[in-house]
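Colleague: return atomic coordinates for the entry below.
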Amino acid sequence: MKNNNEVHKAFLLGISRQLMWGYVAIAIFMIGSGLEQAFLSKQLIEMGFLANQAAFIFTIYGVAVAISAWLSAILAELFGAKKIMVFGTITWLVFQIGFILFGIIPENYLMIVLMYGLRGFSFPLFVYAFISLITQTTPMKQLPGAMGGFWFAYSLGLGVFGSYLPSFTIPKVGYIGTLWLAVLFVGLGGLISVFGLKNVRTFDHCQIEEESKEPFKDSITILFRKPKIFLAAIVKMINQLAANGYVIAMPLFLTSHKIGFTMSEWLQIWGLMYLVNIAFNLIWGMVANHLPWHRVVEWFGCVGMALACVLFYYVPYLYGPNLIAMFGVAALFGAALAAFTPISAIFVALAPEETGAAMSIHNLAGGLSQFVGYGVTGVLLSLFDTAGFVWSMAGIYLIGAVCAHFLAAED
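Modeller: Residues are numbered from 1 along each chain as shown. Modelled structure (predicted):
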């Protein structure tokens, strides 16, 4: 049995040291995978495509992401997480090259839709397969910290470097040159994962007691056989609703004549939110190692987000374009959003003998969150004014708190 010193050497801040290169790979991979998100819609419009055509491209991409996210955990159980990560890297590179050569350069709309959609199917195979590897290599008590490390790396690559890097590369090498640069980042991330994770060993608690002969069926029926997994999926889907919805609604509200922020100030507010969120992904992971996981999600995540949603409206409504005050609100928003970090570990704890099926639902809920967020935002804004929208979003998070209340893992 390992003594405390050996455990400390194996884990740093709850993160397995044998997976450290995997976290580096995720960050670098996501720089490349998200590099075009800041400019692709503008590029498509400048190429002469209509706004609804650009929206359709992103819709197909999102559908592919959701399906692949669901499949990734199942495939990782069947063939091994590291093999699926390699497959995800190779297919991403193939479809990105096809996207550039056969879609973007000749401005062929059908090939853009096809290749970008297939590329959307590829990236979850790498990213979500690594989540499966985390569950297979990390003791149960260390899972929140390990998942916090994952979301830190993911957000650092996608939300920080992936968002800001194009502002430097586009003036130098243009849109197409930046798309080629993404190939380099993803290829490097894939190589790091291959060599950095080759000696990774798994823990017994994550092994399936009896190999399922119907993994695809089990990944659906688990929703009915284990009702808490269904509740956890609702919470996971609610997780990112405001992050996806407020990025649409709040620029319109905050930069209106009634409030008075500039677009540059809005971008600073939202950028600060992501910086705080990245830091708190690690912090909440460590906190959850010492508190009941579902309580962290319930109170700091769901209730915290309900409060942040309301403050995002009423602070500027009452005090006007006070940038310092909004920085405080954005910091609360980012910290509360990160408090959902333990939900990934909760899925595993609720079905330790069916981690593949449980994580497939976790990944599907995460993939669907973007669509639900955009859809809910569109419906709510069409029915209510901004105040009605923010109170509705706060209410949804309180529903999430009720669901999270019942997510304690049974002994």
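Colleague: how many residues are close by Val235?
Modeller: Per other CB atoms under 10 Å, the neighbour tally for Val235 reads 27. In this view, the C-beta of every residue, glycine as well, is placed from N, C-alpha and C.
Colleague: which residues does it contact?
Modeller: Going by CB atoms under 8 Å, 6 or more residues apart in numbering, Val235 touches 297, 302, 340, 343, 400, 403-404, 407.
Colleague: do the same with Gly162
Modeller: Residues in contact with Gly162 (CB under 8 Å, 6+ apart) are 30-35, 37-38.
Colleague: buried only: go through those for me.
Modeller: Among these, those classed as buried by 16 or more other CB atoms under 10 Å are 30-35, 38.
Colleague: among these, which one lies nearest to Ile176?
Modeller: Leu35 (12.0 Å; CB to CB).
Colleague: now that closest one: how far from Thr91?
Modeller: In this view, Leu35 and Thr91 are 17 Å apart by CB to CB, to the nearest Å.
Colleague: from the contacts of Val235, which land in strands?
Modeller: Among those, DSSP state E puts none in strands.
Colleague: dump those to TSV, plus neighbour count and pLDDT.
Modeller: As requested, the contacts of Val235 are exported to TSV (neighbours: other CB atoms under 10 Å; pLDDT from 0 to 100):
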residue	neighbour count	pLDDT
Val297	31	97
Cys302	27	98
Phe340	27	96
Ile343	28	95
Gly400	27	98
Cys403	21	98
Ala404	29	97
Leu407	23	96
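Colleague: tell me which of these is nearest to Ile238?
Modeller: The closest of these, once distances to Ile238 are taken by CB to CB, is Gly400, at 4.0 Å.
Colleague: surely the closest one meets Ala232?
Modeller: No: with contact defined as CB atoms under 8 Å, Gly400 does not reach Ala232; the gap is 10.5 Å.
Colleague: measure how far whichever strand or helix holds Thr169 is from the centre of its chain, please.
Modeller: Using DSSP states H and E, Thr169 falls within helix 162-196. On the basis of CA atoms, centre = their mean, to the nearest Å, helix 162-196 sits 19 Å off its chain's mean C-alpha point.
Colleague: could you do stretch 107-123 as well?
Modeller: Worked out by CA atoms, centre = their mean, stretch 107-123 lies 21 Å from the chain centre.
Colleague: what residues does that stretch touch?
Modeller: Contacts of stretch 107-123 (CB under 8 Å, 6+ apart): 29, 33, 44, 47-49, 53, 56-57, 60-65, 67-68, 88-89, 91-92, 95-96, 98-99, 102-104.
Colleague: how about 7 Å then?
Modeller: Where contact means CB atoms under 7 Å, 6 or more residues apart in numbering, the residues beyond stretch 107-123 that reach it are 33, 47, 49, 53, 57, 60-61, 64-65, 67-68, 88, 91-92, 95-96, 98-99, 102-104.
Colleague: over to stretch 141-149?
Modeller: Counting by CB under 7 Å, 6+ apart, residues outside stretch 141-149 touching it are 11, 13-16, 23, 134, 138, 281-282, 284-286, 288-289, 293, 341-342, 344-345, 348.
Colleague: ranges for the helices of the stretch 201-350 of the chain?
Modeller: Secondary structure of the stretch 201-350 of the chain by DSSP state H, counting those that start in this stretch: the helices cover 215-225, 227-239, 241-254, 263-287, 293-295, 304-319, 323-338, 343-350.
Colleague: the ones you listed: lowest mean pLDDT?
Modeller: Lowest mean pLDDT within the helices of the stretch 201-350 of the chain: helix 215-225, a mean of 84.
Colleague: could you tell me which residues within it count as buried?
Modeller: 215, 218-219, 222-223.
Colleague: can I get that helix in CSV, CA atoms only?
Modeller: As requested, the backbone C-alpha atoms of helix 215-225 are provided in CSV (Å, rounded to 0.1, in the frame of the first residue of the first chain):
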residue,chain,number,x,y,z
PRO,A,215,-21.8,-0.6,-25.3
PHE,A,216,-23.9,1.6,-27.5
LYS,A,217,-27.1,0.3,-26.1
ASP,A,218,-25.7,0.6,-22.5
SER,A,219,-24.7,4.2,-23.1
ILE,A,220,-28.4,5.1,-23.7
THR,A,221,-30.2,2.7,-21.2
ILE,A,222,-28.0,3.9,-18.4
LEU,A,223,-30.2,7.0,-18.3
PHE,A,224,-33.1,4.8,-17.3
ARG,A,225,-31.3,2.3,-15.2
